[in-house]
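>>> Mind folding the following:
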Amino acid sequence: MFTGTLKVKLIEAVDLKLTDFQRRHNVGWVGKLVKNTMDPYIFVDIDEVHVHRTTTKQKTFCPTWNETFESEVQSGTKLGFTVFHDAVIPPDDFVANGRISFDELIDITKDQNSDIWVNLEPQGKLHLVVDLKQGDLFYLAPTF
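Now for the predicted structure:
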């Protein structure tokens, strides 16, 4: 568990892919395939409590955000990321998600650079920089 200040810079996502559900509209007039695009954004949660939402990036499978947020954490166990496609007609479509435990983040930021990649399911990766401050200890203090 982690109690302290969490600072995250969401840099980019790569290799995002439309889900089968999103591809249901790929057939246009006269049976021709239509190439879909994606307008992704990310919901960030701590133990399934929403703490941040990125801006939507238009027409990309490899969005770049470079957005930073900070949150106070009380006994947090997991940091989660859910990628959605900003659909024209709600609700927005699920694309992928990933989770990393605070125990893993503490280990990572103690021993190496806090610049990490989180695997997303069913496909993709999320690039981020994490800074954890617990009491008077900084696990890593990257420049944002």
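
>>> Show the contacting residues for the spatially most central residue of the chain.
By Cα atoms, centre = their mean, the chain has its centre lying nearest to residue 81, at 3.9 Å. By Cβ atoms under 8 Å, 6 or more residues apart in numbering, residue 81 lies in contact with 42-45, 97-99, 118, 120, 126. Backbone N, C-alpha and C define where each C-beta goes, glycine included.

>>> Looks like residue 72 contacts residue 5 (just checking).
Yes - counting by Cβ atoms under 8 Å, residue 5 is a contact partner of residue 72 at 6.0 Å.

>>> where does residue 107 land in three-state SS?
Classification of residue 107 using DSSP: H, G, I helix; E, B strand; the rest coil returns helix.

>>> residues near it, how many?
Residues within reach of residue 107, counting by other Cβ atoms under 10 Å, total 12.

>>> for residue 97, same thing?
Neighbours around residue 97, by other Cβ under 10 Å: 19.

>>> where does the protein have low pLDDT?
For the chain, applying pLDDT under 70 flags the ranges 20-35, 111-113, 135-144.

>>> could you pull out the strands for this structure?
Using DSSP state E, the strands of the chain run over 2-14, 40-46, 49-53, 64-76, 78-85, 93-101, 115-119, 125-134, 137-138.

>>> Check which residues of the third one are buried.
So the one you mean is strand 49-53. Within strand 49-53, the residues scored as buried using 16 or more other Cβ atoms under 10 Å are 51-52.

>>> What pairs with it, parallel or antiparallel?
Neighbouring strands of strand 49-53 in its sheet, by DSSP bridges, are strand 40-46 (antiparallel).
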